[in-house]
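1. Sequence plus the predicted model coming up.
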Amino acid sequence: MNYASTSPTKLRELIREGVITSPTAGMAKGYTQANLAILKKEDAFDFLLFCQRNPKSCPIIDVTEPGVFESTIAKGSDIRKDIPKYRVYKDGNLVEELTDISSYWEEDMVCFLIGCSFTFETPLLENGIPIRHIEENCNVPMFKTNIPTKKAGKFEGPTVVSMRPMKHSDAIRAVQITSRYPGVHGAPIHIGDPSAIGIRDIHKPDFGDAVTIKEDEIPVFWACGVTPQAVAIQSKPSIMITHAPGHMFISDLKDSELSVI
């Protein structure tokens, strides 16, 4: 199937059936994808405050009531089953990756759907800016940085960034285009020298896959919704369930609805 032109409803169905288990970049072109963090109610307020204080990394798109697993931006969805791969963290340790987290679900859990940079890749492509990880059919490279997040309650940790290599001229246009999407990380937070934000080896991402960087290109870095996973490792909540990096929740919300221009 051509997943780029497949509807979000159909894609969620295929994911729930186990047909799709891969990263979701390039799927459901024109529709918003989201990062996920699930926490128990006792930690939900602190995490909501954390997201409010760190809107570049954690722009909230939807929050469920405790015990509710259908998102308001995806009719008929089941957040426990509609992501290709999940991660479960307990006391800061990654204990399991799986395709259905129903066995971990508790009635006091709250789901946070957080804006994803995959959303603004469609307008980048429409403006003739290549997206390397889509070209190479792999996951976007993501890196922990030395940029601290703003603490809220127990939650604190490093900012995670996603990286896309581009020509200088394309990088300037990418800033202009992605600035229109503050709800999905907005403009880049760094362009150029990776070491300036604490990245030692641009060819060894902490999450996702390495991609080719050509001689006439520079790395462009956006704040990333994988930040809560780095925060979970440092802050050690009793449990946090997330998406596996690159494996997103595909909503019914159109990208155009998140554009401020």
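-> Received, thanks.
2. When you work out contacts or count neighbours from here on, use the C-alpha atoms and nothing else.
-> Will do.
3. Please give me every residue in contact with residue 30.
-> Neighbouring residues of residue 30 by CA atoms under 8 Å, 6 or more residues apart in numbering: 119, 122, 254-256.
4. Narrow the residues you listed to those in strands?
-> residue 254 (DSSP state E).
5. all strands of the protein, in order?
-> 31-40, 60-63, 86-90, 93-98, 109-115, 142-148, 158-167, 190-191, 217-223, 240-243, 249-254.
6. so which of those comes closest to residue 19?
-> strand 93-98 (14.0 Å; CA to CA).
7. And the contacts of the closest one?
-> With CA under 8 Å, 6+ apart as the test, strand 93-98 has contacts from 85-89, 233, 236, 244.
8. returning to that earlier point: ranking the contacts of residue 30 by neighbours, who comes first?
-> residue 119 (28 neighbours; other CA atoms under 10 Å).
9. thought that residue was touching residue 184?
-> Yes - if you go by CA atoms under 8 Å, residue 119 and residue 184 touch, sitting 6.8 Å apart.
10. now, which of the contacts of residue 30 sits nearest residue 41?
-> Distances from residue 41 to the contacts of residue 30, taken by CA to CA, are shortest for residue 119, at 28.4 Å.
11. all helices for the stretch 1-150 of the chain, in order.
-> 8-16, 41-53, 121-126, 132-135 (DSSP state H, counting those that start in this stretch).
12. ok, and which of those helices has the densest surroundings?
-> Among these, helix 8-16 has the highest mean neighbour count (mean count of other CA atoms under 10 Å), at a mean of 20.
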